[in-house]
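>>> Just a sequence and a predicted model for now, questions to come.
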Amino acid sequence: MAQPEVYSLAQVPVTAHAFSPDRNSVAVCLNTNEATIYTRAPGNTWKPTETLSEHDKLITSIDWAPNTNRIVTCSQDRNAYVWSQVPDPQTGAIIWKPTLVLLRINRAATYVRWSPKEDKFAVASGARAIAVCSFDADNDWWVSKLLKKPIRSTVLAIDWHPNNVLLAAGSADFKARVFSAYVKDVDKKPAPSVWGEKLPFNTVCGEYGSPSGGWVHSVGFSPSGDVLAFASHDSTINIVYPGPTPTIASVRTSSLPYVTLTWVSEESVVAAGHDCQPVLFSVAGDNQWKQIGPLDDASASSRSNPGSPMVSSRGGGASGIGRLNNEAFNRFKNADARGGVSSPVGGLASPQLLQPQLTGASGGSLGPSELLTIHQNTITSVRTFDGGYGADVSKVSTTGVDGRLVVWNVDYAACAANGANVTSSGLSSRFGGLKVR
């Protein structure tokens, strides 16, 4: 299996990311009220080139339209902005111009996605509503209509159906729902589908829950739009086959909960979250699903392969340089980034004396709190990188709380082999043969 591409963008969490159409630029939020655009630079690194500054509070989600090349951001300040490239009237240079969107919500915006035709986008919120936004050419602004009933809590994730009308939503009221987001004068009447025939705005086409309940962190339509997947806080991946009597296939896992997912083919899903590694799920026949294995080979031997070095966005390697490359600095950095400590407590031996010498993601030996997985903290977002739009996805990208951006190859055989190395839980896969008492 080809080694993943690993980039260290920052020492702070990456809350969201979205690639440009040519994949040579990526827009990320580094846990602030600004979005930063990184561009590929010589030496296979990423350099910050633009900063999108208009929000007052933390940016929660970003999406980059592949055809119109527009960026949309939403924030805890209850606003969304559409960013378009236009010439600067004074200098003539190309700049990103923001356009404010009238969301009409009174709580934080949590998630945003462009529709497939890019003539609309939807913004989830903590106001128990979803704003479906379209452009009003007469007034030259973006206006919104709200999907409200029967949402009873914060909407955490949304995804568009390929027909540009249906919208899936997962929320903190333990439900995944499919709505009609039909907007008159914008959409054509959709063809009948497994989700229904007559689809006026705010029609609820389905409502589903996981076996044990829990927040629905992520939702996604299959490439055909005939199947829905959602990840719940009870550590399950649920696949919905709609119809007169809907069928839900649930895959229970022993890992920590997944918070993000994406379809890579009509029969496969990649999910990631608090377990720090993306995992492939696939149909096993007769609408039954199973976990194939992680995309990340957590064995110690794979970490010593020099074919996948971790590249810093500043052009350096994985570790610090000069005076910052010392044990004391790394201890504080690990404590800040992962909540880890390595100092003796109460006269007990230091954890680093008890931990076996293993090889880390950067090729060096593991620190006292470094995991065997490439991501060292929760994965916040997984998105398609290569493929999609009717073709199977061959690569996906992830970002996480550890500040890393990773591009993974989706290899079924390698995932199955990695899965064979995983024992009873994700914890054991990350710590190998280390016994926890």
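The structure has been received and is ready for your questions.
>>> can we go C-alpha only for contacts and neighbour counts from here?
Fine.
>>> Spit out the contact partners of Gly170.
Going by Cα atoms under 8 Å, 6 or more residues apart in numbering, Gly170 touches Val155, Leu156, Ala157, Ile158, Ala176, Arg177, Trp215, Val216, His217, Ser218, Val219, Phe230.
>>> Give me the local confidence score for it.
For Gly170, the pLDDT comes out at 98.
>>> which one is it nearest to, not counting chain neighbours?
Spatial nearest neighbour of Gly170, excluding adjacent residues (Cα to Cα, 6 or more residues apart in numbering): Ala176 at 4.4 Å.
>>> Next: Pro66.
Nearest non-adjacent residue to Pro66, counting by Cα to Cα, 6+ apart: Pro21, 4.6 Å away.
>>> does that neighbour count as helix, strand or coil?
At Pro21 the chain is in coil, as set by DSSP: H, G, I helix; E, B strand; the rest coil.
>>> Show the end-to-end separation of stretch 217-226, please.
In stretch 217-226, first residue to last residue: 20 Å (Cα to Cα, to the nearest Å).
>>> State the distance from the residue nearest to Gly170 to Leu102.
From Ala176 to Leu102 the distance is 26 Å (Cα to Cα).
>>> go on, Lys148?
Relative to Leu102, and taking Cα to Cα, Lys148 is found at 16 Å.
>>> Comparing the two, which residue is more hemmed in?
Leu102 (17 against 13; other Cα atoms under 10 Å).
>>> Not counting sequence-adjacent ones, nearest residue to that one?
Among residues not flanking Leu102 along the chain, Val143 sits closest, at 5.5 Å (Cα to Cα, 6+ apart).
>>> now Leu280
The shortest distance from Leu280 to any non-neighbouring residue, by Cα to Cα, 6+ apart, is to Val270 (4.5 Å).
>>> low-scoring pLDDT stretches of the stretch 1-150 of the chain, where are they?
1 (pLDDT under 70).
>>> C-alpha coordinates for stretch 240-249, CSV please?
Output in CSV follows, covering the C-alpha atoms of stretch 240-249 (Å, rounded to 0.1, in the frame of the first residue of the first chain):
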residue,chain,number,x,y,z
VAL,A,240,-30.2,3.3,5.8
TYR,A,241,-31.9,1.6,2.9
PRO,A,242,-35.1,3.6,2.4
GLY,A,243,-38.5,2.3,1.2
PRO,A,244,-41.9,1.5,2.5
THR,A,245,-40.2,-0.5,5.3
PRO,A,246,-36.7,1.0,5.7
THR,A,247,-33.8,-1.2,6.6
ILE,A,248,-31.0,0.0,8.8
ALA,A,249,-27.7,-1.9,8.9
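>>> neighbouring contacts of that stretch?
Contacts for stretch 240-249 (Cα under 8 Å, 6+ apart): Val194, Trp195, Gly206, Asp226, Val227, Leu228, Ala229, Asn238, Ile239, Asn287, Gln288, Trp289.
>>> So which of those residues is the closest to Arg252?
Arg252 has its nearest neighbour among these in Asn238, at 8.7 Å by Cα to Cα.
>>> can you pull out the helices in the protein?
For the chain, the helices defined by DSSP state H cover 300-303, 327-338, 351-354, 412-421, 426-431.
>>> Where among those is average confidence lowest?
Note on the helices of the chain: helix 351-354 shows the lowest mean pLDDT, a mean of 35.
>>> Is it correct that Lys145 is in contact with Val132?
Yes: look at Lys145 against Val132 with Cα atoms under 8 Å: they come within range, at 5.2 Å.
>>> Looking at those two, which one has more neighbours?
Neighbours were counted for Lys145 and for Val132 using other Cα under 10 Å; Val132 has more, 25 against 19.
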